[in-house]
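J.: Below are the sequence and a predicted model; questions follow.
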Amino acid sequence: MLNDMKIRFVANKKKFALVAAIVLLIGLVCNLVLGTRMGIQFTGGTIIKYSYTGDVDKSVLQEVLAPVTDGKEDYTFAYDVITNGTDSNPNNVSVSLPATVSLTADDLNQVLADLQKKLPDANFRQLESNSVEATMGREFFGKCIVAIVLASVLMLVYVAIRFRKIGGWSAGLMSLLALVHDVAIAYFVFVIFRIQLDDNFVAVVLAILGYSLNNTIVIYDRIRENRRRMGAKASLAEVVDRSINQSFRRSLFTTITTFVAVASITVVALVYSLDSILSFSVPMMFGLVAGFYSSTFLAAPLWVGLQDWRAKRRAAKAEKNLAK
């Protein structure tokens, strides 16, 4: 059935763009209302790592931390394993505290003593405690942004060179616009689900960029082939519509397969409260959907719109010159 689909992507490009704009607008409003939770990798703070045996409820850790953090709960837990630990193979948990929470050596000793008192059978031990200065966090954040921008520019150049015979730079520009859409969606997922922005955000963005661009390249490659096969008589809109319809099934099934795999990881992370995995898998699921939408419904159709606009502009300029 999907092989016989004849969706008019180019004719409906404004509708598709409107849907994307509405989603982005909703995300922007949520960002203004809720704000962004920045991880200590970017803002500075303290990371404390403990080992323990058995199974420990998160609420107990929160109860022990409450006195030394003035009741603030702006911290996260990251569990290294999901099975009951033993003395020879203990579980590990990392507590990330923001820079607004200042802990002294006495505070750390008190937290460990309280954990050992409340959970005597868990054999709690403090493995390490590391502090990240705010200036180092800002520097790291800047480097992450540079990495994302550099990756986007290199992708633009790659598309422009590879598809230069069909207007490479304009095709690259629209693929870059689609990537910006995907990154924005991933960012808004972090905002809406109140996930701290940390190094997982960079991993999500780079993964989505590569995944989305791959789908876009497949479509552009089919456009290049169909342009040669269909000849000059076929309009660019016809070529693009046929190319996207031919690639639709492959892109859809690839996205569904990857989505199911990431969703499975998310379910496991939810069952075992693995926040460090959830902060990657949840935005990744939404990013996969956004990447499929942008590469299929936005990049090539909007590229046709750009080509038509440039053609009309050249025609108007030529007409104006003739009138002189």
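T.: Perfect, thanks for sending it.
J.: where's Lys165 relative to Trp303, distance?
T.: To Trp303, Lys165 is 14 Å away according to C-beta to C-beta, to the nearest Å. No exception for glycine: its C-beta is placed from N, CA and C like everyone else's.
J.: ok, which stretches of the stretch 151-300 of the chain are helices?
T.: 168-192, 199-230, 236-271, 275-293, 300-323 (DSSP state H, counting those that start in this stretch).
J.: same question for the third one, mean pLDDT?
T.: If I follow you right, that is helix 236-271. Mean per-residue pLDDT for helix 236-271: 93.
J.: elements contacting it?
T.: Using 3 or more C-beta pairs under 8 Å, 6 or more residues apart in numbering; DSSP states H and E as the contact test, the elements touching helix 236-271 are helix 199-230, helix 275-293, helix 300-323.
J.: Identify, out of these, the most deeply packed stretch.
T.: helix 275-293 (a mean of 22; mean count of other C-beta atoms under 10 Å).
J.: Which elements pack onto that helix?
T.: Packed next to helix 275-293, using 3+ C-beta pairs under 8 Å, 6+ apart, are strand 76-79, helix 168-192, helix 199-230, helix 236-271.
J.: Figure out how far the longest one is from the centre of its chain.
T.: Taking the mean of its C-alpha atoms, helix 236-271 sits 16 Å from the chain's own mean (C-alpha atoms, centre = their mean, to the nearest Å).
J.: What of the second one?
T.: Remark: helix 168-192 is offset 10 Å from the chain centroid, using C-alpha atoms, centre = their mean.
J.: Tell me which stretches of the stretch 51-200 of the chain form strands.
T.: Counting by DSSP state E, counting those that start in this stretch, the stretch 51-200 of the chain has strands at residues 76-79, 91-98, 125-132.
J.: Name the strands paired with the second one and say parallel or antiparallel.
T.: This points to strand 91-98. Its sheet considered, strand 91-98 pairs with strand 45-52 (antiparallel), strand 76-79 (antiparallel) by DSSP bridges.
J.: Just want the angle from it to helix 275-293.
T.: Here strand 91-98 runs at an angle of 70 degrees relative to helix 275-293 (axes from the mean of the first three to the mean of the last three C-alpha atoms, to 10 degrees).
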